[in-house]
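Asks: I would like the atomic coordinates for the input below:
(one chain, ligands or ions: 1)
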Amino acid sequence: MFTLSQFPLPYASDALAPYISSDTIFYHHGKHVGTYIKNLNDLIAGTAYADMPLVDIIKTSINRDPKVFNNAAQVYNHDFFFHCLRPAKEEMQMPAELAAAFGGADALKEQFRTAALSVFGSGWTWIVRDGDAYKIITTANADTPIAHGLTPVFTLDVWEHAYYLDYQNRRADFIDAVLDNLVNWEFVAENMKK
Ligand code: MN
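Replies: Next comes the predicted model:
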């Protein structure tokens, strides 16, 4: 049995404003993630998935039980996503090793922005580690790098529910606001060591 309190926000619900409003956090974390958790619990009750850790559910259900996979992956992806953010007032720098892998901080942001804008419909944009290489990839709907042997380093949720209350159709403004103000580069640096 999973609960929303197992996946707490690492900051107050208004801590990301004005770039991400407390209204967006209320619906995104409280309602959307809450629904994924409820759906997952309903689907796994009484099955072999019921006693598995979340990551094992994801790796076992892919290509086998799409409803279980979708809800489990969305719980994982959102917990990771919310930890990728931090209040804008906390000073942090992009890890130099990561910037260097993409030809500099500005080039990384530009490549990430282009990828995030390329997602058609609902999905995610990621920086992942693939062996010794860092890559920017996108995934559709609930799909997640951990199901494909890749180590997630950073992600941005580009489902419309992530930004529509604050930015409506202006996904590019949401991407820029997050990359310029809200990335928890210390969390990213921790992920690079995994
Ligand atoms: Mn979302």
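
Asks: would you list every one of the strands in the protein?
Replies: 123-130, 133-140, 151-157 (DSSP state E).

Asks: now, of the ones you listed, which is deepest in the fold?
Replies: Mean neighbours per residue, mean count of other CB atoms under 10 Å, is largest over the strands of the chain for strand 151-157, with a mean of 24. C-beta coordinates here come from the backbone N, C-alpha and C atoms, glycine included.

Asks: list the pairing partners of that one within its sheet, with orientation.
Replies: Each strand paired with strand 151-157, and its direction, by DSSP bridges: strand 123-130 (antiparallel).

Asks: quick one: is stretch 135-147 near the ion?
Replies: No - using CB under 5 Å from the ion, stretch 135-147 stays clear of the ion, coming no nearer than 9.7 Å.

Asks: what residue in the chain is the furthest from its centre?
Replies: residue 46 (28.8 Å; CA atoms, centre = their mean).

Asks: surely residue 30 touches residue 4?
Replies: Yes - Residue 30 lies in contact with residue 4 (CB atoms under 8 Å); the separation is 7.4 Å.

Asks: residue nearest the centroid of the chain?
Replies: Closest residue to the average C-alpha location of the chain: residue 81 at 2.9 Å, with CA atoms, centre = their mean.
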